[in-house]
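Asker: When you get a sec, could you give me coordinates for this:
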Amino acid sequence: MRLPVLALLLLCLFSAAASAQTYRCSTNGRTYYSDRPCTEDAKLQSFGPTDNRVARVTLPSSGQAAPRAEEHLKYLSSECAAISEAIRTAPARGVRYQDVNALRRDYDSKCAFEDRDARAKVNNDRQREYQQHQARKEAEARDQKQAMAQRERCDGMRDVIPVRRKRESQLDARELDSLHSLQKTYNEVCLKG
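Answerer: Numbers count the residues shown, from 1 in each chain. Alright, predicted model coming up:
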């Protein structure tokens, strides 16, 4: 029976860390593992655990960082997310090209539909965020437009009231009621706050 590629990759990664003492050494750009300390001309990259119960895997010191995790990962099943993360971090961990290709084939065969659904959910999330952003912008623009119209209305009332007051003695009863109503509206609407 064939072991899944992911299990094989994980077995390879942890086999070196599971020994009593493992030294990861580098000489002239070549990396090798040893159960003995690195020689003087070799550079120590990592030192494995002395206790089999504590296994650690260290990333190579090549300076290559793994790319940022994709947003759709949160919508994948744990198996597909694990394979995707193994592919994403493979170059930073020094995984061979053939193993990465095997992981990609495994991911494509097991997770293609799930990946498409997860990416669609991320697109829906982005679309919803964009629509909310647009709605906020439109509400702000509407509020600014209403505030500007209110300022213009108040400015117009403020300009008309003194002119009518100067002529107050010449106004008839209907025009006086209109002036008092205008002053009341101006006080309630424009002088609030």
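Asker: Residue 25 should be in a helix, yeah?
Answerer: No - the assignment for residue 25 (DSSP: H, G, I helix; E, B strand; the rest coil) gives strand, which keeps it out of a helix.
Asker: roughly how far is stretch 68-82 from the heart of the chain?
Answerer: In terms of CA atoms, centre = their mean, to the nearest Å, the centre of stretch 68-82 is set 14 Å apart from its chain centre.
Asker: what do you get for stretch 100-118?
Answerer: Here the centre of stretch 100-118 is set off from its chain's centre by 22 Å, with CA atoms, centre = their mean.
Asker: those strands in the chain, which residues are they?
Answerer: Using DSSP state E, the strands of the chain run over 23-27, 30-34, 43-47.
Asker: mean confidence score for the first one?
Answerer: When pLDDT is averaged over strand 23-27, the result is 70.
Asker: OK, contacts around the residue nearest to the spatial centre of the chain?
Answerer: The residue lying closest to the centre of the chain (CA atoms, centre = their mean) is residue 71, at 6.9 Å. Residues near residue 71 by CB atoms under 8 Å, 6 or more residues apart in numbering: 122, 125. (C-beta placed from N, C-alpha, C; glycine too.)
Asker: try it again with 10 Å
Answerer: Each residue near residue 71 by CB atoms under 10 Å, 6 or more residues apart in numbering is listed here: 118, 119, 121, 122, 123, 125, 126.
Asker: Going by distance to residue 154, which of those wins?
Answerer: Of all the contacts of residue 71, residue 126 has the smallest distance to residue 154: 41.8 Å, by CB to CB.
Asker: Run the chain-centre distance for the helix ranked longest in the chain.
Answerer: Longest helix in the chain by number of residues (criterion: DSSP state H): helix 97-166. In terms of CA atoms, centre = their mean, the centre of helix 97-166 is found 16 Å from the chain centre.
Asker: Give me the neighbour count for residue 74.
Answerer: Other residues within reach of residue 74 by the criterion other CB atoms under 10 Å amount to 12.
Asker: wait, it sits on residue 118?
Answerer: Yes - at 8.0 Å, residue 74 counts as touching residue 118 under the criterion of CB atoms under 10 Å.
Asker: Mind listing the shared neighbours of the two?
Answerer: Common neighbours of residue 74 and residue 118 (criterion: CB under 10 Å, 6+ apart): residue 81.
Asker: What is the burial count for residue 95?
Answerer: Residue 95 has 19 neighbours, counted by other CB under 10 Å.
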